[in-house]
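**Q** Provide a 3D model corresponding to the input given below.
(chains A and B, ligands or ions: 1)
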Amino acid sequence: MKYTTEFRNNEVAQALLSHIRERSRKKARFMEFCGGHTVAIFRYGIRQLLPKNIEMISGPGCPVCVTATVDIDKAIALAQEKGVIITTFGDMLKVPGSKSSLQKARAAGADVRMVYSTLDALQIAKENPEKSVVFLGIGFETTAPTVAASILEAQETGVKNYYVLSQNKLSPPAIKAILQSGEVKLDGLICPGHVSAITGAQAWDFIAHDYRIPCVVAGFEPLDVLQCIDMLVEQVENKQARVEIAYRRGVAPEGNKIALDLMSQVYEPAPAQWRGFGVIPGSGLKIKKEYRQFDAEEKFEIKAAPVDDPKGCLCGEVLRGVNTPLDCKLFGKVCNPESPVGPCMVSSEGTCSAYFLYGGNAID
Amino acid sequence: MCLAVPALIKKIEGKDADVEIGGITRRISLRLTPEAKTGDYVLLHTGFAINIIDKQEAEETLKLFAEMAEQVTE
Ligand code: SF4
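**A** Below you'll find the model as predicted:
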């Protein structure tokens, strides 16, 4: 496939690796924010190919994993309302809430449907005018504009039974929370490629400026990731801290202005609860007053009280990069993809799931 | 979840387009990339093109890679 296979070439990978090995002298710890990068790094065994002085850790970049239990409970409570159809991306179905999951709610009779796109959810609303169709809005900046687009489309086409439960989140505030806490020291950040396709590389300027940490935006093929690490090493060795792009075919410095405009037309930043972090100011997206007729929080009285995360589950620490799944006593035994305890084991891009699936590849 | 894959635009109809991904054709939305043209590759995420792939930038990156590989084999 064009723009895919060319970026998996083994000879180039070897060349990039030997360049990294030649150049890299200092001890350096790099975090990949995005779960997509976690999967690419584990799938291609990149951790083991790097020189010993480079340590890779995984960050909070999986929207499913960072969804708080209370938000899952809200979705399940909504699914139990009469005349409601819940539409959601597949990954959310198995995520355990405090007592149940959307999948279990569906087995018990709730109408929960998996969709591929927000426009499919809107289509379901059009086909079921007597029902209330709620889309579970999760995802970072990559996905949020597509949710905004569905709200605008609903308005333009006069759909009155389409609602969004907005649990969308912004990525930069989460990285800021990690850096401010000082729990982990980072020497470089692999910035999310498809979030940056929307926000532009400029979204990470504050990390380079305020925290003096090198930032490189990366794509998701093995050569993209290796090029990114090579560029990070270059900055570390030269004591620089800049924002660079190793994914120029997909990311412009200024991002996608149309998508950003759509987002700010429909949403305003609000505090949001993240698993493992608690409430992060300005990290959520609330539907603006002008569009409140599409806001599920306005339409329904949703009851769900904040709850503690499952006992023994280290998801929070894993998401903050403080622990690895191997530090979790439940990992692999009680908790596995068949019967996940935390969302980090459910999501295909969760760090626990990557450690489980890629076993030796994931473990340095 | 932020997965996006390259897709080739075959035909545009209003705000939507038919794209080809690995031999399969599917209908996607161009609402986030209204300037996309037939023959462009776009990054496809949950049914939406979120960006147009910059062909020139891709070629330049690949050229750089080829040069690096050559230096190593020399
Ligand atoms: S292995 Fe399971 S229980 Fe442990 S941190 Fe990961 S998701 Fe939570």
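
**Q** going by C-alpha atoms from here, please, whenever you check contacts or count neighbours.
**A** Noted.

**Q** count the residues that sit near residue 36.
**A** Defaulting to chain A. Look at A:Gly36: counted by other C-alpha atoms under 10 Å in any protein chain shown, it has 25 neighbours.

**Q** looking at chain B here, not the other one
**A** 19.

**Q** pLDDT below threshold where in the chain?
**A** In the absence of a named chain, this looks at chain A. A:360-364 (pLDDT under 70).

**Q** nope, chain B please
**A** Applying pLDDT under 70 to chain B flags the ranges B:73-74.

**Q** the residue in it positioned nearest to the ligand is in what secondary structure piece?
**A** In chain B, the residue that lies nearest the ligand is B:Met1 (17.0 Å; C-alpha to the nearest ligand atom). Under the criterion DSSP states H and E, no helix or strand holds B:Met1.

**Q** shouldn't it be in contact with A:Pro63?
**A** Yes. Contact criterion C-alpha atoms under 8 Å: B:Met1 and A:Pro63 qualify, at 6.9 Å.

**Q** contacting residues for residue 61?
**A** No chain specified, so I'll use chain A. A:32-35, A:171, A:192, A:319 (C-alpha atoms under 8 Å, 6 or more residues apart in numbering or on different chains).

**Q** chain B, not that one
**A** By C-alpha under 8 Å, 6+ apart, the residues touching B:Thr61 are A:Arg248.

**Q** filter the contacts of A:Gly61 down to the ones close to chain B.
**A** Among these, the ones lying near chain B by C-alpha under 8 Å from any C-alpha of the partner chain are A:Gly35.

**Q** mind listing which of the contacts of A:Gly61 are in strands?
**A** A:32-34 (DSSP state E).

**Q** how about those in TSV, adding neighbour count?
**A** Listed next are these as TSV, based on neighbours: other C-alpha atoms under 10 Å in any protein chain shown:
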residue	neighbour count
A:Glu32	25
A:Phe33	26
A:Cys34	27
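
**Q** okay if I get the residues you listed as TSV plus distance to the ligand?
**A** Formatted as TSV, the ones in strands among the contacts of A:Gly61 follow (distance: C-alpha to the nearest ligand atom, whole Å):
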residue	distance to the ligand
A:Glu32	17
A:Phe33	17
A:Cys34	17
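
**Q** so what sits against both of B:Met1 and A:Pro63?
**A** Taking C-alpha under 8 Å, 6+ apart as the criterion, B:Met1 and A:Pro63 both touch A:Gly139.

**Q** settle it for me: which of the two has more neighbours?
**A** Per other C-alpha under 10 Å, whichever of B:Met1 and A:Pro63 has more neighbours is A:Pro63, with 28 against 24.

**Q** A:Ile138 is in contact with the more buried one, correct?
**A** Yes. With contact defined as C-alpha under 8 Å, A:Pro63 counts as touching A:Ile138 (6.4 Å).

**Q** how far away is A:Ile138 from chain B?
**A** If you measure A:Ile138 against chain B using C-alpha to the nearest C-alpha, to the nearest Å, the figure is 9 Å.

**Q** typo on my end, A:Phe356
**A** Taking C-alpha to the nearest C-alpha, one finds A:Phe356 at 18 Å from chain B.

**Q** I'd like to know how many residues surround A:Leu357.
**A** For A:Leu357, the neighbour count with other C-alpha under 10 Å is 18.
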